[in-house]
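Asker: Model the structure of this input:
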Amino acid sequence: MAIGRDRPAASQLLVNAGCDVIVSDDGLQHYALARDCEIVVIDGDRRFGNGWLLPAGPLRETPARLAAADAIVVNGGRALLDGALSMRLEAKGALSLIGGTPKALDDFAGCSVHAVAGIGNPERFFNMLRAHGIEVLGHPLPDHAHLQSADISFADQRPVLMTEKDAVKCQRIAGPHHWYVPVTASFDGGESSILLDIVTQAIAKRTALR
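Answerer: Sure thing, here's the model as predicted:
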């Protein structure tokens, strides 16, 4: 794994380390980085928001950019897009930040918990917990927030549930009542195979050009 603002330089580090397939998160707008396959993920709840680009709206590019993508994946619905693949994130359990003890999410049903989320759409995480019968006291944070102790510490002894993305920043400040909720991606029907075929064909095409 390589992290860096200069995506081509970060990719070169991986190539030098022996990688022959590179997956770049949020790499679509890094045009200096060559790519063989583009996958665009759209939030099925918010879709394109107000239709404006940052900072006036949520978009990094106009919807017209979708025409150049190899695959469009809608997280939480199809958003009325022809040919889009439908994906949803599912969670069944939580893991303690201290020791990794597992616990089924349904075991929190009927309980009141603090839920912390520094992701693009915190409400999606909160609603996922509510679907398991959990009473959620939501604490939304900016996407990629650098969490401090105050962000995950509360006056009561309620359990604190957070995303796995946030948990990696909290290992040194967590207590026994802090839990994170890993998720898995699930596709409708055979759509996961469709996406895999798109990616593997792009890799095969690149390999043939060597």
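
Asker: and R65, how far is that from A56?
Answerer: R65 is 17 Å from A56, where distance means C-beta to C-beta, to the nearest Å. In short, each C-beta sits where N, CA and C put it, glycine included.

Asker: More neighbours: the two, which one.
Answerer: More neighbours surround R65 than the other of R65 and A56, with 14 against 10 (other C-beta atoms under 10 Å).

Asker: Is the more buried one in a helix, a strand, or coil?
Answerer: Under DSSP: H, G, I helix; E, B strand; the rest coil, the three-state class of R65 is helix.

Asker: I'd like the next helix or strand past the host helix or strand of I42.
Answerer: For I42, the host element (DSSP states H and E) is strand 39-43. Next along the chain after strand 39-43, taking DSSP H and E as the criterion, comes strand 71-75.

Asker: ok now that next one, how far from the chain's centre?
Answerer: Here strand 71-75 shows a centroid-to-chain-centroid distance of 13 Å under the convention C-alpha atoms, centre = their mean, to the nearest Å.

Asker: Please apply the same query to stretch 179-186.
Answerer: Distance, stretch centre to chain centre, for stretch 179-186: 10 Å (C-alpha atoms, centre = their mean).

Asker: Pull out the buried positions in that stretch.
Answerer: Neighbour counts over stretch 179-186 (16 or more other C-beta atoms under 10 Å) mark 179-181 as buried.

Asker: again with stretch 41-58
Answerer: For stretch 41-58, by 16+ other C-beta under 10 Å, it's 41-44, 46-47, 58.

Asker: List the neighbouring strands of the host helix or strand of M87 plus their orientation.
Answerer: Secondary structure assignment for M87, by DSSP H and E: strand 85-90. Strand 85-90 has the following strand partners under DSSP bridges: strand 71-75 (parallel), strand 184-187 (antiparallel).
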